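Q: 3D, please:
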Amino acid sequence: MYQLSRLLHDYHRDLYNHFEAHEIGPSLYAAPWFLTMFASQFPLGFVARVFDMLFLQGSEVIFKVALSLLGSHKPLILQHENLETIVDFIKCILPNLGLVQMEKTINQVFEMDISKQLQAYEVEYHVLQDELIDSSLNDNQRMAKLEKANSSLRKQNFDLLEELQMAKGKIHSLEAMIEILLNNESKLKQTVLTLELERKALLATVEKSHTHSASPSGKPLLTRQDHMEAAD
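A: Numbering: from 1, shown residues only. A predicted model of the protein is given here:
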C-alpha cells in the first residue's frame, strides 16, 4: 500500500492530493484489488488478462493496473468531494469497464516500467519502519539494540580482518613466486645467450674443418666471396 501511494504521488499528483485532502488511503480501495488480483470486483475477461500479464511480468503488474485504472478515471474521481462518494465510485462504478477501457488499460500496463521505483520504495518503507520502531523503544531497549548491532559489526570486522590477513598472505606468496620466476627467466636468458655463442663458435669450427678437408694441398680453399674479390 505504501508503494502504491508513492507511485500515485509520482504519476498522478493531483489525484494523490485529492485523496490526501479527504484522508483516503490505498487500503480503503486497493486492498481487495491486491488480495484477489482484481477478481472480486472486475469483469472476468479483464481478470483473465490481468492473470496473463502476472504470469508474464510478475507482481508489479498489480501496481501498473491499479495506476492505469485510477489514472484513466481521474477526471471522474476528482469530481467527488467527500470520502464516501469517492470510495463508492472506486469500488462500484470504476470496475464496470467497457471493452475500450479494458484494452486501454492493458496497453498502458505494457508500456509502463516501474520496477526500479518499486524496489526503491520497498527500501524506503523498511527504513521508515525501522525508524518508527526505534522511536517507540525506551532507552534501555535502544541501548540493547545498539549493543547487539555493535556486536554484529565487530564480528563482521573480525571476519574481514581474517580475510584481509589471508589475502595479504596470498599476495606475499605470489610476490615470492614472481621473484623466483623472474630469477629463473634471467638464468634461462643467460643460458640461451651462452648456447648461442657456443653455436656460433661450433659453426665457425665446422666451416674451417670443411675448408681444410676440401683443399688438395692442404691449403684452405678460396670461398665464393674470395673469388669475387679476386675478380674485382
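Q: drop to CA atoms for contacts and neighbour counts, all remaining ones
A: Will do.
Q: so where is this structure shaky, pLDDT-wise?
A: 136-139, 141-142, 145-146, 214-232 (pLDDT under 70).
Q: what's the longest helix in this protein?
A: helix 139-214 (DSSP state H).
Q: look up how far Ile24 lies from Asn82.
A: According to CA to CA, to the nearest Å, Asn82 and Ile24 sit 10 Å apart.
Q: who has more neighbours, these two?
A: A count of neighbours by other CA atoms under 10 Å puts Ile24 above the other of Asn82 and Ile24, at 18 against 14.
Q: I'd say that one and Leu83 touch.
A: Yes: under the criterion of CA atoms under 8 Å, Ile24 makes contact with Leu83 at 6.8 Å.
Q: got phi/psi on Ile24?
A: phi -110, psi 110 (degrees, to the nearest 10).
Q: ok, it - contacts?
A: Going by CA atoms under 8 Å, 6 or more residues apart in numbering, Ile24 touches Leu83.
Q: centroid residue for this structure?
A: The centroid of the chain falls nearest to Lys116 when counting by CA atoms, centre = their mean (11.4 Å).
Q: so which strand or helix has it?
A: Taking DSSP states H and E as the definition, one finds Lys116 inside helix 115-136.
Q: buried stuff in that helix?
A: By neighbour count on 16 or more other CA atoms under 10 Å, the buried set for helix 115-136 is Leu118, Tyr121.
Q: can you tell me which helices and strands that helix packs against?
A: helix 2-11 (3 or more CA pairs under 8 Å, 6 or more residues apart in numbering; DSSP states H and E).
Q: the helix it packs on to helix 115-136, inter-axis angle?
A: Put simply, helix 2-11 runs at 120 degrees to helix 115-136, going by axes from the mean of the first three to the mean of the last three CA atoms, to 10 degrees.
Q: ok, then the element right after helix 2-11?
A: That would be, after helix 2-11 and using DSSP H and E, helix 13-21.
Q: would you mark the buried spots in that following helix?
A: Using 16+ other CA under 10 Å as the test for burial, helix 13-21 gives Leu15, Tyr16, His18, Phe19.
Q: name the next helix or strand downstream of that helix, please.
A: helix 31-36.
Q: follow-up on the earlier one: ok, so of the buried residues of helix 13-21, who is nearest Lys155?
A: Tyr16 (45.4 Å; CA to CA).
Q: skip the chain neighbours and tell me the closest residue to the closest one.
A: With sequence-adjacent residues excluded and distances taken as CA to CA, 6 or more residues apart in numbering, Tyr16 is closest to His9, at 5.4 Å.
Q: now the one you found: how far from Glu163?
A: 46 Å.
Q: okay, buried residues for the host helix or strand of Val109 please.
A: Taking DSSP H and E as the criterion, Val109 maps to helix 99-111. If you call a residue buried by 16+ other CA under 10 Å, then helix 99-111 has these buried ones: Met102, Thr105, Ile106, Val109.
Q: and if you look at stretch 170-184?
A: Using 16+ other CA under 10 Å as the burial criterion, none of the residues of stretch 170-184 qualify.
Q: can you start the count at 43 instead of 1 from here on
A: Done: numbering now begins at 43, and the last item shifts to stretch 212-226.
Q: just give me how far it sits from the chain centre.
A: The chain centre lies 36 Å from the centre of stretch 212-226; the measure is CA atoms, centre = their mean, to the nearest Å.
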